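> the following comprises the amino acid sequence and a computationally predicted model.
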Amino acid sequence: DSGVTQTPKHLITATGQRVTLRCSPRSGDLSVYWYQQSLDQGLQFLIQYYNGEERAKGNILERFSAQQFPDLHSELNLSSLELGDSALYFCASSVVPGGAEAFFGQGTRLTVV
Amino acid sequence: GENVEQHPSTLSVQEGDSAVIKCTYSDSASNYFPWYKQELGKRPQLIIDIRSNVGEKKDQRIAVTLNKTAKHFSLHITETQPEDSAVYFCAASKGSGNTGKLIFGQGTTLQVKP
């Protein structure tokens, strides 16, 4: 157990819908990252938050947004879902924003039908 | 832009043999290089990492080497075992004071045949 909790583990939804993925970082970690892993693909960086503020953005679609709350948990919102958004979404956390081990949650598997 | 190239994409070895996976990064400001192991359907887990002020690091059967001049780093697994079979990802990031985002390579699927 990495200490990073993601909910839900599985999500099946229809095209055009909106979903919210939730991540609770390890106790004491201030930085949260979101990654997308499509079938047979690598880990694509989406967005990073540090202590409530957005720190970096990757190839995140405009239909996707995220935030980090005062209690440090983070949510990734995916809207107007398309079939191609089906993927495993990982959250990771680290103590500081750079140069430290990032611990991954177990992921949320999103299936868009 | 920031990019990490990883080779090979697949690697098959006999149990007991060594396995080597190589990565090249593009951003010369990168100074933290972790390696993650991901078993099927599970989360990536850190197996070893190296910082730019170190050329080599070992942990039992696993070692990582870094050549900052060439912007290369490699993972070496000796005496491979069937339980080493997994997907391995290298990554690069800039250290403290920057974003810390990890840029991952495309992964190497390692198969260790008993």
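Cool, the structure landed.

> going by C-alpha atoms from here, please, whenever you check contacts or count neighbours.
Noted.

> which bits of chain A sit near chain B?
A:33, A:41-45, A:48, A:55-56, A:90, A:96-107 (C-alpha under 8 Å from any C-alpha of the partner chain).

> hmm, which of these are the buried ones?
If you count burial by 16 or more other C-alpha atoms under 10 Å in any protein chain shown, the buried members of the residues of chain A next to chain B come out as A:33, A:42-45, A:48, A:55-56, A:90, A:96-107.

> how many neighbouring residues does residue 79 have?
Answering for chain A, as no chain was given. 18 (other C-alpha atoms under 10 Å in any protein chain shown).

> chain B, not that one
13.

> any idea how far it lies from chain A?
Applying C-alpha to the nearest C-alpha, to the nearest Å, the value for residue B:79 to chain A is 26 Å.

> and for residue A:27, the neighbour number?
12.

> touching, it and residue A:3? I think so.
Yes: counting by C-alpha atoms under 8 Å, residue A:3 is a contact partner of residue A:27 at 7.5 Å.

> my guess is residue A:44 meets residue A:33, correct?
No: at 10.7 Å, residue A:44 does not count as touching residue A:33 under the criterion of C-alpha under 8 Å.

> identify the contacts common to the two.
With contacts defined as C-alpha atoms under 8 Å, 6 or more residues apart in numbering or on different chains, no residue is shared by residue A:44 and residue A:33.
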